[in-house]
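In: Okay, structure incoming, though there's no sequence with it:
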């Protein structure tokens, strides 16, 4: 079982912050609104401010329209057609303003599915071997954060989940995902507070 805190030691110079999908399209009041997003934003902002040059923001980019989607994604975008690129306000795709100000030196990686790993750009950015530890923040705990964490585990990264800097739109599945991280990935995943992460990562 994954212990609470940085149980595998302090963070070194090989650390990178990956912030998942903190975009206006997920703010409360939108169809995809995440009610906890604004609550975790200060912690993400603090972490990014301290390590902006070592931060990657992912952005979820919806399909252009239903016909542009493939397979079961067509069914998904029939339900959410108002959020396809042909219908949604383009400003909704952008990072929330509190985080957008860090780009550059922070970097943005766009993706069209839950995982940031499938399209290759994130892998290409990490091929140098400079980074061995990923600090993960953002949303949602049980969807895009989960896909990010599992891909990082598969690639052999040490994964640190900032417990107070991730969020889901449903408390039940957020809690279930946190239980999953803590109970099934003890050698690869640690769950720590932003305060502990910042104190260790200098």
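Out: Looks like it arrived, so ask away. Worth saying up front: this structure is predicted, and the values here are computed from it rather than measured.

In: If you count contacts, what does the longest strand seen in the chain end up packed against?
Out: In terms of residue count, the longest strand belonging to the chain (DSSP state E) is strand 158-167. With contacts taken as 3 or more CB pairs under 8 Å, 6 or more residues apart in numbering; DSSP states H and E, strand 158-167 sits against helix 37-50, strand 133-139, helix 144-154, helix 171-184, strand 189-192, helix 194-200. Just so you know, the C-beta spots here come from the backbone N, C-alpha and C atoms, and that holds for glycine as well.

In: Which among those is found nearest to residue 62?
Out: When these are compared by CB to CB, helix 144-154 sits nearest residue 62, at 13.0 Å.

In: What residues sit buried inside the closest one?
Out: For helix 144-154, burial by neighbour count (16 or more other CB atoms under 10 Å) applies to 144-153.

In: Next one: residue 122 from residue 96, what distance?
Out: Plainly put, residue 122 is 21 Å away from residue 96 if you go by CB to CB, to the nearest Å.

In: for residue 74, same thing?
Out: For residue 74, the distance to residue 96 equals 29 Å [CB to CB].

In: higher neighbour count, these two?
Out: Remark: of residue 74 and residue 96, residue 96 carries more neighbours, 19 against 13, as counted by other CB atoms under 10 Å.

In: Compile the helices and strands packed on strand 158-167 into JSON lines and extend it with columns for mean pLDDT.
Out: Shown next, in JSON lines, are those (pLDDT from 0 to 100):
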{"stretch": "helix 37-50", "mean pLDDT": "97"}
{"stretch": "strand 133-139", "mean pLDDT": "97"}
{"stretch": "helix 144-154", "mean pLDDT": "97"}
{"stretch": "helix 171-184", "mean pLDDT": "93"}
{"stretch": "strand 189-192", "mean pLDDT": "96"}
{"stretch": "helix 194-200", "mean pLDDT": "96"}
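
In: Tell me which of the ones you listed approaches residue 116 most closely.
Out: Across these, residue 116 has its closest neighbour in helix 144-154 (5.7 Å, CB to CB).

In: How about residues contacting that closest one?
Out: With contact meaning CB atoms under 8 Å, 6 or more residues apart in numbering, helix 144-154 is reached by 18, 20-21, 58, 60, 113-117, 134, 136, 138-139, 159, 161, 166, 168, 177, 180-181, 185, 188-189.

In: Select only the buried ones of these in PyMOL?
Out: Remark: buried members of the contacts of helix 144-154, expressed as a PyMOL selection using 16+ other CB under 10 Å:
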select buried, resi 18+20+21+58+60+114+115+116+117+134+136+138+139+159+161+166+168+177+180+181+185+188+189
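
In: Next one, pLDDT for the nearest residue to residue 69 once chain neighbours are set aside please.
Out: Nearest residue to residue 69, sequence neighbours excluded (CB to CB, 6 or more residues apart in numbering): residue 63, at 4.2 Å. What the model reports for residue 63 is a pLDDT of 97.

In: Residue 63 reaches residue 87, doesn't it?
Out: No: using CB atoms under 8 Å, residue 63 makes no contact with residue 87, being 10.7 Å away.
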